[in-house]
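Visitor: Kindly generate the corresponding structure for this input.
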Amino acid sequence: MATAEQIKSLIRSHFDQDREQFTTIALQVAAHEARKGHSSIAHEIRGLVDKGKFSPVKVLPLHREFSDFILPSSPKERLADIVLNVEMEFRIKRILKEYRQQARLKKYGLSNRRKILLAGPPGTGKTMSATVIAGELNLPLYTVLTDKLVTKFMGETSAKLRQIFDIMRERRGVYLFDEFDAIGAERSRDNDVGEMRRVLNSFLQFLELDDSDSLVIAATNTPKILDQALFRRFDDTMHYSLPSEKEIISLIKNRLGEFMPASLSTKAVANIAKDLSHAEIALACDDAIKEAILADKNRITATQLRAMLEERKEAYGH
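Guide: Model prediction:
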């Protein structure tokens, strides 16, 4: 049986919502039982821990009035599924670590990073990063479509924002404000209208007062037009860019998997893929895989991959 200290630690970590500590202690209990020769109990405990790690996220249905601009999902993606440079990977891991150990931070009067701004060109991994964070933390992802959130009726958009922040307190999850430019544009812009200034002021106020356990992630393709006051409200700002040569090669290998050509000059392919985003490269790989499948082949050819990358460059005007 577990020791008294282990039982107390399990209870404490459960009520502190320290998932990582809870898992660590549970595995220590399993090891303790294994040393005593109780192999079946140890195996069962490890099985329960593994099941808890990878159990599907339960997404509670939202009221119908929110279904037009909030899309709930249950991400299964993990860090291994996304290609990032070393700095960006470190910063996402830091968000995950602080969330998992938020109870320890609270003891010192500190809070985990939970309000994140993602900025960069389209297709560079912003939405995927939010998806991975939700998947790693086993939390539901609620994507807020800000372009559909905004209405022409005075006060309605701010009222909807208030409701979203109320939901954050009730339903813990990752809330992604996609296409954030729709409400985050600088208040002094010449083409701005008074109503949008009020919407942005409301968002700033709600964000500052929010003390829920949810993560708030805003994604923008054009950070230069965002109001400067926004940057002070977020705990972290992450700037995304087009993939480097090393990232292009890693992305192609990850995406193609078993369909990877037997012979491929990765440097030459990376040169072709230069100026393409992560999403564009992934789509080119998918197109090549589809051609191989329909041709009853279990691998693509280097020629197919190069052709699909060139096609993407032409389609996007690169």
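
Visitor: centre of the chain versus stretch 32-48, how much separation?
Guide: Offset of stretch 32-48 from its chain centre (C-alpha atoms, centre = their mean, to the nearest Å): 35 Å.

Visitor: With stretch 286-298 instead?
Guide: 29 Å.

Visitor: Now that stretch: buried residues?
Guide: 287, 288, 289, 291, 292 (16 or more other C-beta atoms under 10 Å). Where C-beta positions appear, they are placed from N, C-alpha and C, glycine not excepted.

Visitor: One more: stretch 168-180?
Guide: For stretch 168-180, the neighbour count (16+ other C-beta under 10 Å) marks 168, 171, 173, 174, 175, 176, 177, 178, 179, 180 as buried.

Visitor: Looking at those, point me to the pair that's furthest apart.
Guide: Taking every pair in the buried residues of stretch 168-180 and measuring C-beta to C-beta, the maximum separation is 22.1 Å, between 171 and 179.

Visitor: Low-confidence stretches in the stretch 201-318 of the chain?
Guide: When residues are selected by pLDDT under 70, those of the stretch 201-318 of the chain lie in 223, 225, 316-318.

Visitor: let's go with 80 and repeat that
Guide: Low-confidence segments of the stretch 201-318 of the chain (pLDDT under 80): 222-230, 315-318.

Visitor: Can you convert the buried residues of stretch 286-298 into TSV and add a column each for distance to residue 43?
Guide: Conversion of the buried residues of stretch 286-298 to TSV gives the following (distance: C-beta to C-beta, whole Å):
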residue	distance to residue 43
287	45
288	43
289	38
291	45
292	41
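
Visitor: Filter those residues down to just the ones in helices.
Guide: If you go by DSSP state H, the buried residues of stretch 286-298 have 287, 288, 289, 291, 292 in helices.

Visitor: So which of those residues is the closest to residue 31?
Guide: residue 289 (42.6 Å).

Visitor: That closest one contacts residue 261, correct?
Guide: No. The criterion here is C-beta atoms under 8 Å, and residue 289 misses it with residue 261 at 11.3 Å.

Visitor: wait, what's in contact with the most centrally placed residue in the chain?
Guide: In the chain, the residue lying closest to the centroid (C-alpha atoms, centre = their mean) is residue 130, at 1.6 Å. Going by C-beta atoms under 8 Å, 6 or more residues apart in numbering, residue 130 touches 118, 141, 174, 176, 217, 219.

Visitor: That one and residue 39: what is the separation?
Guide: The gap separating residue 130 from residue 39 is 41 Å, by C-beta to C-beta, to the nearest Å.

Visitor: What of residue 258?
Guide: 36 Å.

Visitor: okay, the two: which has more neighbours?
Guide: Legend: neighbour count by other C-beta atoms under 10 Å for residue 258 and residue 39, higher for residue 39 (11 against 7).

Visitor: all strands of the stretch 151-300 of the chain, in order?
Guide: With strands called from DSSP state E, counting those that start in this stretch, the stretch 151-300 of the chain shows them at 174-178, 215-220, 236-239.

Visitor: Would you check that residue 220 makes contact with residue 180?
Guide: Yes. Between residue 220 and residue 180 there is a contact under C-beta under 8 Å: 4.5 Å.

Visitor: which residues are common contacts for the two?
Guide: Common neighbours of residue 220 and residue 180 (criterion: C-beta under 8 Å, 6+ apart): 117, 226.

Visitor: check which helix or strand covers the residue nearest to the centre of the chain.
Guide: helix 126-136 (DSSP states H and E).

Visitor: For that helix, list every residue counted as buried.
Guide: Neighbour-count burial for helix 126-136, counted by 16+ other C-beta under 10 Å, picks out 126, 127, 128, 129, 130, 131, 132, 133, 134, 135, 136.

Visitor: That one relative to strand 174-178, how many degrees between them?
Guide: Interaxial angle of helix 126-136 relative to strand 174-178 (axes from the mean of the first three to the mean of the last three C-alpha atoms, to 10 degrees): 170 degrees.

Visitor: What's the first helix or strand after helix 126-136?
Guide: Counting by DSSP H and E, the element after helix 126-136 in chain order, helix or strand, is strand 141-145.

Visitor: for the stretch 1-150 of the chain, which spans come out with low pLDDT?
Guide: Counting by pLDDT under 80, the stretch 1-150 of the chain shows low-confidence ranges at 1-69, 146-150.
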